[in-house]
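Novice: sequence? don't have it. structure:
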Ligand code: PRP
């Protein structure tokens with residue numbers, strides 16, 4: 001059985017441009033500038049897919065020639081990056097929805113226990129009515145995603161989706177099990193986690209590679 005068939009709520013986004021860019025992102029020889037630009041391109045494609053069902057309301061507009069039907073986005077959009085690495089995916093969504101609000105959740109993974117540690121949050125008002133896009137390039141054990149989604153639910157969010165670049169089956173199992181109503185978009189379902197809970201084949205540590213803190 002293919003990995004994606006095990007996870008019906010997971011939307012695996014496949015595209016030749018994503019395959020080419022994921023190879024740049026995964027390659028350990030890729031430098032910081034190329035790493036950042038490849039992430040930005042994949043993030044744009046993921047953003048495009050994640051907003052496919054954005055609700056619209058009809059309006060009337062006037063072209064220079066005549067009156068005609070127009071459309072406006074009919075929901076507040078809130079992007080929530082999981083710090084730090086999630087920041088790398090924010091701009092791509094804001095490019096499509098320039099008035100989207102951004103909430104931040106700070107979670108890092110303890111290097112020894114692999115458990116998520118929460119250290120910061122700052123969310124905009126109105127999260128209960130908004131389409132909330134939680135973004136993080138990696139979903140490994142799923143602990144960070146699980147925590148972030150639970151926190152957002154506690155704060156009243158009802159329409160949440162999660163966007164990641166690469167995901168491990170172990171993490172997808174955890175998040176889909178605990179939050180079956182939350183769609184997940186990802187560009188890759190990798191093979192597994194290693195003994196240190198790193199995604200294999202993976203891309204290493206996305207935050208360190210993106211911010212140059214390796
Ligand atoms: C990484 C990644 C996710 C998390 C995934 O963050 O960006 O947030 O680990 O692991 P999990 O699914 O097992 O929770 P990291 O702890 O490296 O923090 P950083 O983004 O600040 O580098």
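Specialist: Looks like it came in fine. Keep in mind the model is a prediction, meaning the values are calculated, not measured.

Novice: ok, now which ones touch whichever residue of the chain sits closest to the ligand?
Specialist: At 2.3 Å from the ligand, residue 207 is the closest residue in the chain, using Cβ to the nearest ligand atom. Where C-beta positions appear, they are placed from N, C-alpha and C, glycine not excepted. Counting by Cβ atoms under 8 Å, 6 or more residues apart in numbering, residue 207 touches 84, 85, 213.

Novice: How far away from the center of its chain is stretch 201-214?
Specialist: Relative to the centre of its chain, stretch 201-214 is centred 16 Å away, using Cα atoms, centre = their mean, to the nearest Å.

Novice: Please identify the buried residues of that stretch?
Specialist: Neighbour-count burial for stretch 201-214, counted by 16 or more other Cβ atoms under 10 Å, picks out 202, 203, 204, 205, 206, 207, 209, 210.

Novice: pretty sure residue 134 is in a strand, no?
Specialist: Yes. Counting by DSSP: H, G, I helix; E, B strand; the rest coil, residue 134 is found in a strand.

Novice: Any chance of CSV for the buried residues of stretch 201-214, columns pLDDT, secondary structure and distance to residue 132?
Specialist: Formatted as CSV, the buried residues of stretch 201-214 follow (pLDDT from 0 to 100; DSSP: H, G, I helix; E, B strand; the rest coil; distance: Cβ to Cβ, whole Å):
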residue, pLDDT, secondary structure, distance to residue 132
202, 98, coil, 26
203, 97, coil, 25
204, 96, coil, 28
205, 95, coil, 26
206, 96, helix, 21
207, 96, helix, 21
209, 97, helix, 26
210, 98, helix, 23
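
Novice: if we can go back for a sec, which of the contacts of residue 207 come close to the ligand?
Specialist: Contacts with the ligand within the contacts of residue 207, as defined by Cβ under 6 Å from any ligand atom: 84, 85.

Novice: and the contacts of residue 207 as a markdown table, adding secondary structure and pLDDT?
Specialist: Converted to a markdown table, those look like this (DSSP: H, G, I helix; E, B strand; the rest coil; pLDDT from 0 to 100):
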| residue | secondary structure | pLDDT |
| --- | --- | --- |
| 84 | coil | 95 |
| 85 | helix | 97 |
| 213 | coil | 96 |
